[in-house]
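# pasting a predicted model and its sequence here:
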Amino acid sequence: MPIVITKAHQWLNLLISQVPERAPPQETVTFNFASTFNGGTQLQVTYSRGSAMFRSDNISTIAIIRDVLSKEVTRRQIKVDIQCEMNEDSILHTLQLLHPKMEYQNNLMRRLELAQALKELADNGDDLSYLSAEMRELLDSYDKLHDEALTYGVHLDRLIGIITDLYIDKERMAGRNGKAKIEELLRIVSKYDATTLQNFFMEKNFVQQ
């Protein structure tokens, strides 16, 4: 069954709520979207009579679209040929986009842990006169770091979820079940190092410290 523009636009509405209800009066329609959270991954949707193409630099975005459209055409008993192509370079690209936020979160938690250790020493009445100016500043910033960690803790959980989904979707696109390695992935993320994480995704051998 050939895809008509109105049908393709309805599918897009299922995926993205911000899209106008009616399709633009054009023979070929293109929409471009960017994520506001995960570093700015892109989605481009182009459709015309007979075809609809979804392109993204995030594999998880394509996996979600494929799942939603597969369920929709099955529910409506429509015959549509859904094909997916994966560019593995996009995996490293997505991880690189996530890196600044992951690095920030990792540094925040490390600073908080150190500040907390210093605070415990101070609370015990230990002599901290030997502390450097940097360490004193870190101790004084404990409350601020603690509040910041509470605020951004939800962000960290979301980032970990994005990375986990990315790995599962990568494996699923290749016809494999990646869930068996999620525990290992979470261990790597908890000790975040960009190179180690990339090697895990690309299945390169490494020794975890």
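Yes, it's here. The model shown is predicted, which means the values in this text are computed figures rather than measured ones. Numbers count the residues shown, from 1 in each chain.

# chain center to the helix or strand in which Val154 is found, what's the gap?
Per DSSP states H and E: Val154 is located in helix 142-173. Its chain's C-alpha centre and that of helix 142-173 lie 8 Å apart, by CA atoms, centre = their mean, to the nearest Å.

# so which elements touch that helix?
Helices and strands touching helix 142-173, by 3 or more CB pairs under 8 Å, 6 or more residues apart in numbering; DSSP states H and E, are helix 59-75, helix 89-123, helix 182-190, helix 194-201. Any C-beta I mention is one placed from the backbone N, CA and C, and that applies to glycine too.

# what's the angle between the last one and helix 142-173?
This means helix 194-201. Angle of helix 194-201 versus helix 142-173, following axes from the mean of the first three to the mean of the last three CA atoms, to 10 degrees, is 20 degrees.

# what comes up buried for helix 194-201?
Thr196, Leu197, Gln198, Phe200, Phe201 (16 or more other CB atoms under 10 Å).

# next: the second one.
Applying a neighbour-count criterion of 16+ other CB under 10 Å, the buried positions in helix 89-123 are 90-91, 93-95, 97-98, 101-102, 105-106, 108-109, 111-112, 115, 118-119.

# swap in stretch 153-160?
Leu156, Leu159, Ile160.

# lowest-confidence entry in those residues?
Confidence by pLDDT is poorest for Leu156 among the buried residues of stretch 153-160, given 88.

# residue contacts, that one?
Taking CB atoms under 8 Å, 6 or more residues apart in numbering, we find Leu156 in contact with Gln105, Met109.

# assumed Ser129 was part of a strand.
No. Per DSSP: H, G, I helix; E, B strand; the rest coil, Ser129 lies outside any strand segment and is coil.

# any idea how far it lies from Ala122?
11 Å (CB to CB, to the nearest Å).

# hang on, the earlier thing: turn the helices and strands packed on helix 142-173 into a markdown table, including distance to Leu138 and mean pLDDT.
Formatted as a markdown table, these follow (distance: least, CB to CB, whole Å; pLDDT from 0 to 100):
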| stretch | distance to Leu138 | mean pLDDT |
| --- | --- | --- |
| helix 59-75 | 37 | 92 |
| helix 89-123 | 5 | 92 |
| helix 182-190 | 22 | 95 |
| helix 194-201 | 24 | 96 |
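
# tabulate these (TSV), appending distance to Gly40.
Formatted as TSV, these follow (distance: least, CB to CB, whole Å):
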stretch	distance to Gly40
helix 59-75	12
helix 89-123	6
helix 182-190	21
helix 194-201	17
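
# looking at those, which is nearest to Leu12?
Taking CB to CB, helix 59-75 is the member of those nearest to Leu12, at 9.5 Å.

# check what pLDDT the spatially most central residue of the chain gets.
In the chain, the centroid-proximal residue (CA atoms, centre = their mean) is Ile162; its distance is 3.1 Å. Listed pLDDT for Ile162 reads 96.

# can you verify my assumption that it contacts Ser60?
Yes. Judged on CB atoms under 8 Å, Ile162 makes contact with Ser60 at a distance of 7.2 Å.

# separation between the residue with the largest distance to the centre of the chain and Leu121?
Largest separation from the mean C-alpha position in the chain: Asp127, at 44.6 Å (CA atoms, centre = their mean). Per CB to CB, Asp127 is found 9 Å from Leu121.
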